Structures are given as structure tokens and as C-alpha cells.
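Q: would you be able to build a 3D model of this:
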Amino acid sequence: MVQKQVSVIVIGAGNRGSIYSKYAKICPDKMKVVGVAEAREARLNRMVAEYDIPQEHAFKSWKDLAAAEKFADAVIISTLDPTHCEIALAMADKKYNILLEKPMAVTLEDCIKIHEAAERNGIIFAVCHVLRYTPHYTELKKIIDSGALGEIYNVQHVEDIGNTHFSHSFVRGNWALEQDSSFSLMTKCIHDVDLINWFMSGAKCTKISSFGHLSHFKKENKPAAAKSATRCMDCDYERSCPYSAKKIYLEPAEQGETGWPIEVITNVVDIENVTKALEEGPYGRCAYECDNDVCDNQVVNFEFEGGKTATLTMIAFTKNLCVRKTRIYGSLGELVSDGDNEITVFDFLSKKTTVIHPNDMEEYKMYYNLYGHGGGDFGIISHFVDSIIHNDPSINRSGSLDALKSHVYTFAAEQSRLTETIVSPSKLMNI
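A: Numbers count the residues shown, from 1 in each chain. Model prediction:
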């Protein structure tokens, strides 16, 4: 029997859309990119050339795609967060299977609409909660499900965002202003709320409290030596500033680096274009002179059914970039995760310690071909494609209902932070 090749249209050919598209090169027998919708001409043309997309299937607007006859099995929606709902609803109603970048949407009402549209249209639908698909967290969840830890009573989880990552994405970048995207717990740590939800294996969250602030990246904290400079290229203090745009973008480019985050600030990565971007664009601004307003420091407390609890810390000021550290406490054992390649389990009965290195396992070697998010990028696109090939939605680990639960918990946490109250997620939506 000949295996089905899944035809895919990429809506939004930026960083995320481009990454998922690469699966078509790694596994061409499983996936083919047959269309693209992208407003930026340079990125549109790049995708057309790279994947030999016919001109009639290259759209400058997703609305033009929506107006065309359906010509593929699935769409990958990787546009900016506020656009997700309108696009997802249109594509679901055309019966496209959907892989939707997180967050689902920037309001709870829109998240619910997307879930209902996916159910109503009977499509295969997955949200890019990529950490559920990494080798590391796949093996961690196997340990939980095996019963080796007994009943899970507490999870302590920390997300080290990274000092330069936060200044790039949440001070100077697309996720700096809540009104343009959403609050940072949603845009950055929905992954982490989702992991905690997943680790609790179906137990409902009953209460949430949260505290957080924009603590550092604001004008009153600007070093006096920076004086009136509003751009790093013109600043006398720049050499002493850890958030210097020259250090983050220009100097690595001068050393020959071309990847993230440099590739984000210009379509052509060379010294001339990177310099121009820092002189004229948003990524060259002083980190203390931006209009950012999202939290750089936040904690969330969760209470689940059965007396279970969890805590999440989101912090910008770390050496590590996007590294998660987790401790899970059960009735029979304790688990420690470095978020990368080491899981340690201590068994209370035998007093033995077991150490696992998931990335070294043979079954995950293929993940190195697309290793963003610790292999999660390969994991989610491969599972999504397989779910279409086999017409089996259960192959996905992040369907619309599971994703909706994690979003409800995240909205509840932000409501708690803003109102300084304990919030019951069931008051937002009974799921």
C-alpha cells in the first residue's frame, strides 16, 4: 500500500512557519509544501523558490487563500498571535486540518471559538505545545504514567527565559506590548502551564493565584551613563550594557553567525543590513527606552483536585535561554529534570537512583534533523502529519480540548495577578 503524502499550506512564512516547512525536506515521502500565504514579499518569494510552489498557490494574504478552492490536506498557521482566531475559523470551515502555533488566541472567547470550530468540522487539529513532543518530556511523562512516582502531589517548575531572549522578543520584539499580542505568561509560558497540566494527568485545577511585574526593563532603570541615547548604535554606555543590540546582533553577525535571533531582524543577513536594522528598526532601540509593558518576573501557584499543588516561576534574568527545570514529588518517588537531557528518579522503597538521558536514545535520533525546542519541533510536525496519514487524531498530544484547558489556566493566572485575588478556573469555563 502506497503511503499518503500530506499536502500542506504554510500561512505565515516567518521563523516558525519556515521551521515546520523543513519537515517536507526531511521526510518528503510524508509531507509536501504546496502553498503559502505571506504578506512580506521577500519571505513569500523565498518559500515559493525553496519548495517549488506554483504561483497560483502563493498568496499575499490569508484571505485570498480562504477565498480559493481547497487544494491541500492541511494548513500550518504561524502568523502573529492576534490573527490566529480569524484564520483558524476560516480554515476549519473549509475543512483543512490545522496545526496552529501557540497561543491558540489572545482571548479566552476566541480560544473557545477555535475549539468549537475544530469539533464542528471534524478536522484533525493540534496546537503547537511542542514540549509535549520532545524526547525529554516524552520520557518524563512515561515515568509518571508508569506509576513509578506513585500519586503526584507537587510540581515545581521554573522557566529560565534568558536575558538576551527576553530583551529580543519581549522588550524590542513582537511580544513586547500586550495590546499587540498578549501578556507574557501566555506568549512565553503557555508551554509551561501546559506541561504542568499534562503532568497532572487529568486532575482538574481548582484554584490559581499569581504575582508578577515588569520589574526591570523600563525607563527609570536606565543607567545614567546612557544619558539621552535611545539607540545602542549611538550610546556611550553600550559597551557596558548586557542588553546591547550590537552585542546581541551585530557582533555575532561579524563573526559569521546568521541564525536566530539575527535572522529575525532582517531578511538579508549581512553586516550592511544588520547595521541598518539596528540604526532604523525596533531591535536597535535601547532596552530601557522601548514601549514594552509585559511582565519579566512572575510566579503562579496552582491547586489541583486531590490536594495536589504546583508552582511556576517565569524569570527573564537568567544565563540559560529557554531552559526549564522541574521537580516532581510523588508518594513513591521524586523526579528531577534539567529540561535538557537528564532525568533523575529516586525510589523511596529501594533507595535507588535512576538516571535517564532521553536525547541519547536511538528512537529519537531522527529528532536531531529539526531540533528546535529540544526536538519538539520535529516531534509535533511529525505527529501531526502521521495523524493525517493514519486518520487518527489520538496521535496528537495537544488537541483542541487539552490546549483549551491550558489556556483557561493561563487566563485565570493573569486574572489573579491583575485583581490580586485567588481565581477558580471553573468560573472562567467549566472544563
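
Q: tell me where the protein has strands.
A: Along the chain, counting by DSSP state E, strands occupy 6-11, 31-37, 58-59, 74-77, 97-100, 125-127, 152-160, 205-213, 297-304, 308-315, 323-330, 333-337, 343-347, 353-356.

Q: what residues sit buried inside the helix ranked longest in the chain?
A: In the chain, taking DSSP state H as the definition, the longest helix is helix 400-419. By neighbour count on 16 or more other C-beta atoms under 10 Å, the buried set for helix 400-419 is 400, 402-417. (Each C-beta comes from the backbone N, C-alpha and C, glycine too.)

Q: repeat that for stretch 27-34.
A: Buried residues in stretch 27-34, defined by neighbour count with 16+ other C-beta under 10 Å: 27, 30, 31, 32, 33, 34.

Q: where does this structure have low pLDDT?
A: For the chain, applying pLDDT under 70 flags the ranges 1-2.

Q: just to check, residue 372 is in contact with residue 20?
A: No - Residue 372 is not in contact with residue 20 according to C-beta atoms under 8 Å; the separation is 9.4 Å.

Q: more neighbours: those two, which one.
A: Neighbour comparison, residue 372 and residue 20: the larger count goes to residue 20, with 25 against 16 (by other C-beta atoms under 10 Å).

Q: show me what contacts that one?
A: Counting by C-beta atoms under 8 Å, 6 or more residues apart in numbering, residue 20 makes contact with 10, 76, 78, 99, 377, 381.

Q: walk me through the domains of this protein.
A: For the chain, the structural domains run 6-129, 131-216+293-361+400-428, 219-284, going by automatic domain parsing.

Q: now the second one: how far from the chain's centre is it?
A: Spelled out, that is domain 131-216+293-361+400-428. Remark: domain 131-216+293-361+400-428 is offset 13 Å from the chain centroid, using C-alpha atoms, centre = their mean, to the nearest Å.

Q: do the same with the shortest one
A: Distance of domain 219-284 from its chain centroid, counting by C-alpha atoms, centre = their mean, is 24 Å.

Q: so residue 97 bridges to which residues?
A: residue 74 (DSSP bridges).

Q: wait, it sits on residue 121?
A: No - with contact defined as C-beta under 8 Å, residue 97 does not reach residue 121; the gap is 9.6 Å.

Q: quick check: closest non-adjacent residue to residue 168.
A: Using C-beta to C-beta, 6 or more residues apart in numbering and skipping residues adjacent in sequence, the residue nearest residue 168 is residue 261, 4.7 Å away.

Q: and residue 386, by the same measure?
A: residue 395 (5.2 Å).

Q: quick check: that neighbour vs residue 406, distance?
A: Plainly put, residue 395 is 19 Å away from residue 406 if you go by C-beta to C-beta, to the nearest Å.

Q: how long is stretch 245-255 from one end to the other?
A: Start to finish, the residues bounding stretch 245-255 are 15 Å apart (C-alpha to C-alpha, to the nearest Å).
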